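# fold the following.
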Amino acid sequence: MISLPYRSRLAIYADMLRAIAEEGNACPTRVLQRANLSWDRLNRYLSDLKERDLIEEISKGDSKVYQVTEKGRRFLREFDRMRRILEAFGFNVI
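Sure thing, here's the model as predicted:
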């Protein structure tokens, strides 16, 4: 069995935001696949991101899609900047 490295909650948030941003308007299944999450974790983290105003939920008929807010884009830029700084000092940020 292959052991995958542990991802912090912030890294998971960043992976989700990146997936949603790249899709434009992402449905939950696409976020789940691209961020490699279980259904339970996906729903919990989507709620966290909505509460922090990093994403918004848009109803399209019977389904929902998610869109990254400007605040979410700022979070992603700053997270990536901080990751580069830490990696420059030899820290592996996952």
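
# show me what the lengthiest helix in the chain is packed against.
With secondary structure taken from DSSP state H, the chain has its longest helix at helix 70-88. Applying 3 or more C-beta pairs under 8 Å, 6 or more residues apart in numbering; DSSP states H and E, we find helix 70-88 packed against helix 9-23. In short, each C-beta sits where N, CA and C put it, glycine included.

# quick one: pLDDT of residue 3?
If you check residue 3, the pLDDT there is 52.

# then residue 78?
Model confidence at residue 78 (pLDDT) stands at 96.

# same deal with residue 15?
95.

# tally of neighbours for it?
Neighbourhood size, residue 15 [other C-beta atoms under 10 Å]: 19.

# for it, which non-adjacent residue is spatially closest?
residue 35 (4.4 Å; C-beta to C-beta, 6 or more residues apart in numbering).

# just for this structure, where's the confidence low?
1-5, 94 (pLDDT under 70).

# if we go to 90?
1-8, 24, 60-62, 91-94 (pLDDT under 90).

# middle-most residue in it, spatially?
residue 16 (1.8 Å; C-alpha atoms, centre = their mean).

# contact partners for the nearest residue to it once chain neighbours are set aside?
Nearest non-adjacent residue to residue 16, counting by C-beta to C-beta, 6+ apart: residue 35, 4.7 Å away. Shown in contact with residue 35 (C-beta atoms under 8 Å, 6 or more residues apart in numbering): 12, 15-16, 19, 42.
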